[in-house]
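Peer 1: Fold the following for me, if possible:
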Amino acid sequence: MDDARTNSLAVALFSEILTNDQLIRNQLSRILPKGMEVSHFSVLNHLARAGLERTPAELAKSFHVTRGAMTNTLHKLEWAGYVHIRPDWDDARRKRVSISPAGRKARDAALDAITPLISEVVTELGDDKVRAALPVLRSLRARLEPKD
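Peer 2: Numbering: from 1, shown residues only. Predicted structure coming up:
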């Protein structure tokens, strides 16, 4: 494939991904429980699935955001009672974050709210198309993730 066609294909791919990201975020924002942002749900879902404490720095790295952005999100989640933030007993400079029972309930309510939407989308697209898209999206993510 020549450079012009490759460039055109690359621009089309990234344009579609960016547009889909914006559309997904807008739809999720409308159906998440009142006061919950997509970033809040993402962190709660991550903590619930991980099942263990994480540091704010680890969370920032996982979500590819600055430590300041993650600290802001964590403060909002702590204020809402969705996470517990405690000192790290081994290193006083660090903090440890865990999901609270209220946070788990909020995450579950959010998941209940968004599941019909995402299930409907997968049903409309068809399982085969979704299965075919996943390896491409995973490869793209792996290629774009910063190398440590």
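
Peer 1: rest of the way, CA atoms for contacts and neighbours
Peer 2: Will do.

Peer 1: how near is R49 to K76?
Peer 2: Distance, R49 to K76, using Cα to Cα, to the nearest Å: 20 Å.

Peer 1: Same drill for these two, tell me which one is more crowded.
Peer 2: Using other Cα atoms under 10 Å as the criterion, R49 and K76 rank with K76 on top: 15 against 9.

Peer 1: so which helix or strand takes in the more buried one?
Peer 2: helix 67-79 (DSSP states H and E).

Peer 1: which residues are contacting that helix?
Peer 2: 39-40, 56-57, 59-60, 83-85 (Cα atoms under 8 Å, 6 or more residues apart in numbering).

Peer 1: 10 Å instead, please
Peer 2: 36-37, 39-41, 43-44, 56-61, 63-64, 66, 80-85, 97-100, 103 (Cα atoms under 10 Å, 6 or more residues apart in numbering).

Peer 1: For E53, list the residues it contacts.
Peer 2: Contacts of E53 by Cα under 10 Å, 6+ apart are 47, 59, 84-86, 95-99.

Peer 1: State the three-state secondary structure for the closest residue to it other than its chain neighbours.
Peer 2: Spatial nearest neighbour of E53, excluding adjacent residues (Cα to Cα, 6 or more residues apart in numbering): S98 at 4.7 Å. Under DSSP: H, G, I helix; E, B strand; the rest coil, the three-state class of S98 is strand.

Peer 1: Give me the buried positions along the helix or strand bottoming out on mean pLDDT in the chain.
Peer 2: None of the helices or strands of the chain scores lower by mean pLDDT, DSSP states H and E than helix 3-31, at a mean of 92. By neighbour count with 16 or more other Cα atoms under 10 Å, helix 3-31 contains the buried residues 28-29.
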